[in-house]
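> Sequence plus the predicted model coming up.
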Amino acid sequence: MRLTDWMGSWLRGIFQRSRVQSEMETELEFHVETRAEELMRDGVPRAEALRRARLEFGGMEGTKEECLEARGASVVDNFVQDLRYGVRTMRRAPGFTAMAVLALALGIGANTAIFSVVNAVLLRPLPYDQPDRLVQLWHVPPQTNFPGMTEFPVSPANFLDWRSQAKSFEGMAAYGRGGYTLTGNGNPETIRMIAVTNGMFSILHARPLLGRTFVSGEDEPGREHEVVLSYAVWRSRFGSNSEIVGKNITLNGQAFTVVGVMGRDFDFPISTDPSLQAQMWKPLAWTDQERAVRDNHNYAAIARLKPGVSVKQAQSEMDAISNRLAQAYPADDKGWGATAVPLRDDLVGDVRPALLILLGAVVLVLLIACANVANLVLVKALTRRKEQAVRIALGATRRRLLQQALSETLLLACAGGLLGLVFAHYGVILIVKFLAQRLPRSGEIGLDGWVLAFTAVISLAAGFGAGLLPAFRAAKADVNEALKQGLGRATSDAGGSRTRDLLVVSEVALSLMLLIGAGLLIRSLWMLHQVNPGFEAAHLVTMGISVPSTKFSEPGQQIGYFERVLERVRSLPGVQAAGLIDSLPLTDSGSIQPIAVEGRPAVPMVDMPEVDVRMISPGYLSAMHVPLLEGRDIEDSDVAGRPGAVLISAAMAKLFWPGEDAIGKQLTLYFFPDQPRVVVGVVGDVKLFAVNETQPKATLYFPLRQFTIPRGESFHSFGMNLAVRTHLPPASMAATAGLAIHEVDPEIPVQNVRTMDDMIAQSLSPERFTMLLLGAFAGLALLLAVVGIYSVTSYSVSRRTNEMGIRVALGASRMDVLMLVVRHGMLLALIGSAIGIAGALLLSRVMRSQLFGVQPTDPATFVAGACGLIVVVLTACYIPARRAMRVDPVVALRYE
Amino acid sequence: MAKPMELLQGTLDMLILKATSLGPLHGYGILLRIGQISKERLEIQQGSLYPALYRLEHQGWITSEWGESENKRKAKYYRLTAAGKRRLQSETEKWNRMAELIAGILHTKPEEV
């Protein structure tokens, strides 16, 4: 029989029972009529013929029943019957039902919520055509100068060589970010602009909503004054004007023609934070001079693999090209490799381990919930042992009993799944809120069809999981034993209590694993908070001053502008100190440059040591409270024309001049070869990119007033970040400072106004997020386990009331009785803890990458987790045990 | 004509498969066909035919569809499926082997034991 036929027959069985019945009646009627007609042909009158035909046929109703059963409709009938039975028993025991449904709902809800995050972030395809063919291309810098760094931007000349030589790709494109200021109709606004080389849109297979994207030739200098708008900016800034294509807009004071508008779903590059999405795209037009730059790495690149080419093949081709480039341009490319990373991995590689740990955690929670429900069902089944035995005796098959027991937990799980969806809905809202802006694609998180399907599947799995053990026990029931016992309660139930003990032990073990996991994350977050970032975050307000790149035409104007800003800000009431820096600590940006140290042998650029370079104004150190360890701070007198003055971090002093006095040493920055510089001071190490940096970075600070144009480049004006130390409330300080900057030049926007405390909190938000969730799940697991252990203990105490009474009557002290109950509970807790510790050792190994300053085997966390759990289990046993202790022997003996 | 014999337990299914193997038939037609082939020497409880038909259909050995009978009535016709054909063949072989075996046993004379 084909599957469709079988399904058809089954469905008819459920929905069209009446039709099946009427068809059957027609068929049987036809039989009788035809037989009667035959008899009539022999001369029998019709009435008599019909009577005889029916007699010959035999019992019509019995036949019908047999027919219905024969066609398999009974399976459906049984199922419906079981469901009705299940609903009845659930109604009869509302407390049990509420408990079981709640436990399952919490487990399923947690799973659904985490799965919807995993689904949106890790599973759902990226919003491009055939996204798994897209790869991100990075340089791999020489590990001697960039230890641990595996993804580095590419220089224009190297990118062009990659593009012309690689055969693995349909297309390759480079892009860079830039801030542009949009003026005209309304306030000046900083636009997040992405400059893309030719072919970017076709590599993505992206089509515009209106107009067109860029065409060949528009990435030539002079022809690049065109933009494509994002849907969001088209709506917010241009009122969804469909006539916008072909119009001019003003960016950085220059006219740009709008050539197209992208659709609502288009986002490139994909941003972690929906509020940081790219707003416009313009052609990336390198001048001939820029195209020749091989040693300055500032661009990201993506490519689409040709059909049939694997990432691995592309990688080996990129390796070969890198080797050729290293041989052809040893001064710039020696030691520089290249890597092709699937776009999705590039995007979510960082968050994948955390999400998988959370997914593992919620699975554990669900297991505990299942164990809990299995326990409840087992206890309840015991009171129905007799009923089951009677049913077996009356001919119910064991299979039928098994089915019935399972359909009960399945029903519970379905109810739990529905309630779990409600929990998950709110859980997802919370997660998205707490996530801050750290999870890629967080805007897409929600309950969609896949999530609903997942919920349905795990609900069924939970129903089976919770029901299987009780169901087999129900079906295995020993009829004779059960029937022999009186109508009273069962007195011996060795097998059942072993099963319950097993469930308790597993609940203890599973929740201990989660507790220890959460404990490790809490410890590690605490360690992160203890880290000294190298500056004092309290009472610090920071903001970005984004100067359009064409605002000033020469460095002097630029420097003058910032001096006016500083002067204006410092005169504000409440400002203790204020200073400027190009890239604030704990942000992603900042430049790394090769340097040459005076008196050491000259080496080609690739062999030069690399240090992090920051440009600051006087006052920055005192605003940030970065300590000056030796020498002097930079001063207003360190201006162009005077000897270049630089500050270096303690780590840099130790790395370059170990055991020597660094003050007075001379060096040059590779990109500014004509400017010799002298170390005038050594300052404390600062965490540049993240709080969890373990190695302090060698950092060099040079004064803004000694800014010169980098070799081979033309002047673009640039933005700086302002740091203000104040004893006023940060919000009001931010507002007045913003106003003051606006007064200096109304066309220059201020952005990203934040306190340094917020920045630290935000840089720790992924860690905090994982910790909070895992902590919540561990708490949930503990709660479920305690409820389970409590209910099992109080059940067994109430069953042993009689025994306790006898013990007391025979002279056992109340303490003995108490200990009897507690000792058993403790034994289970200890066994469970031992297993849990073993499990946690495995789990924490997976968590290593998420930990900071804590060993995965941190003994304190393990001991604290186990002790805490044992105390809680003890309490859960103690309460019912006290009841047992108070048993009145007379009452207990009459109990039977 | 000898008195009709009662059907041996479990053989009805085989007879139905055989009857339908000669062409589609309705329930009553199957009875007539079996009667005709057996020269009216077999007696089949009419009521027991239908549960057997439903069971065989559920197992996929026969399939049914509605049609018009010789007496211009709506009737349900049963037809042997490919699976039913194979089943009939294997059942026939099994039956023959069994019959031979039983016959052999029953024909055994005392001196042969």
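All right, it came through fine.

> what about the nearest residue to A:Asn252 once chain neighbours are set aside, how many residues close to it?
Leaving aside its sequence neighbours, A:Asn252 sits nearest to A:Pro548 (C-beta to C-beta, 6 or more residues apart in numbering or on different chains; 4.0 Å). Quick note: C-beta positions are derived from backbone N, CA and C, even for glycine. By the measure other C-beta atoms under 10 Å in any protein chain shown, the count of residues near A:Pro548 is 26.

> Just to be sure, A:Pro548 is in a strand?
No: assessed with DSSP: H, G, I helix; E, B strand; the rest coil, A:Pro548 is coil; it does not lie in a strand.

> My read is that it contacts A:Gly178, right?
No: if you go by C-beta atoms under 8 Å, A:Pro548 and A:Gly178 don't touch, sitting 9.8 Å apart.

> if we can go back for a sec, with B:Asn96 as the reference, measure out to the residue nearest to A:Asn252.
99 Å (C-beta to C-beta, to the nearest Å).

> what bridges to A:Leu210?
A:Leu210 has the following beta-bridge partners by DSSP bridges: A:Val261.

> so how far is A:Gly263 from it?
9 Å.

> the more surrounded of those two?
A:Leu210 (20 against 13).

> check which helix or strand covers A:Phe702.
Assigned by DSSP states H and E, A:Phe702 falls within strand A:699-703.

> so how far is that strand from its chain's centroid?
Relative to its chain's centre, strand A:699-703 lies at 37 Å (C-alpha atoms, centre = their mean, to the nearest Å).

> could you say what helices and strands that strand packs with?
strand A:610-616, strand A:644-649, helix A:650-656 (3 or more C-beta pairs under 8 Å, 6 or more residues apart in numbering or on different chains; DSSP states H and E).

> Now stretch B:78-94: buried residues?
The neighbour-count check on stretch B:78-94 (16 or more other C-beta atoms under 10 Å in any protein chain shown) flags B:Tyr78, B:Leu80, B:Thr81, B:Gly84, B:Arg87, B:Leu88, B:Glu91 as buried.

> Closest one of those residues to chain A?
Chain A lies nearest to B:Thr81 out of the buried residues of stretch B:78-94, by C-beta to the nearest C-beta, at 8.0 Å.

> quick one, what contacts that closest one?
Residues in contact with B:Thr81 (C-beta atoms under 8 Å, 6 or more residues apart in numbering or on different chains) are B:Gly60, B:Trp61, B:Ile62, B:Thr63.

> Which of these ranks first by neighbour count?
Result: B:Ile62 is most packed of the contacts of B:Thr81 (other C-beta under 10 Å), 27 neighbours.

> how close does that residue get to B:Leu80?
From B:Ile62 to B:Leu80 the distance is 6 Å (C-beta to C-beta).

> Repeat that for A:Gln81.
Distance from A:Gln81 to B:Leu80, by C-beta to C-beta: 35 Å.

> Which helix or strand contains residue 31?
Reading this off chain A. helix A:17-41.

> wrong chain, I was asking about chain B
B:Leu31 belongs to helix B:27-37, assigned by DSSP H and E.

> mean confidence score for that helix?
What helix B:27-37 shows for mean pLDDT is 87.

> What parts of chain B come near chain A?
Contact residues, chain B versus chain A (C-beta under 8 Å from any C-beta of the partner chain): B:26-28, B:45-48, B:50-55, B:57-60, B:69, B:71, B:73-76, B:83.

> out of those, which are buried?
B:26-28, B:46-47, B:50-55, B:57-60, B:69, B:75-76.

> Of the residues you listed, which belong to helices?
Among those, the ones falling in helices (DSSP state H) are B:27-28, B:46-47, B:50-55, B:57-59.

> For the stretch 751-896 of chain A, give me the ranges with low pLDDT.
A:892-896 (pLDDT under 70).

> For it, which residue gets nearest to chain B?
A:Gly788 (44.2 Å).

> Give me the distance between that residue and A:Ala369.
Taking C-beta to C-beta, one finds A:Gly788 at 9 Å from A:Ala369.
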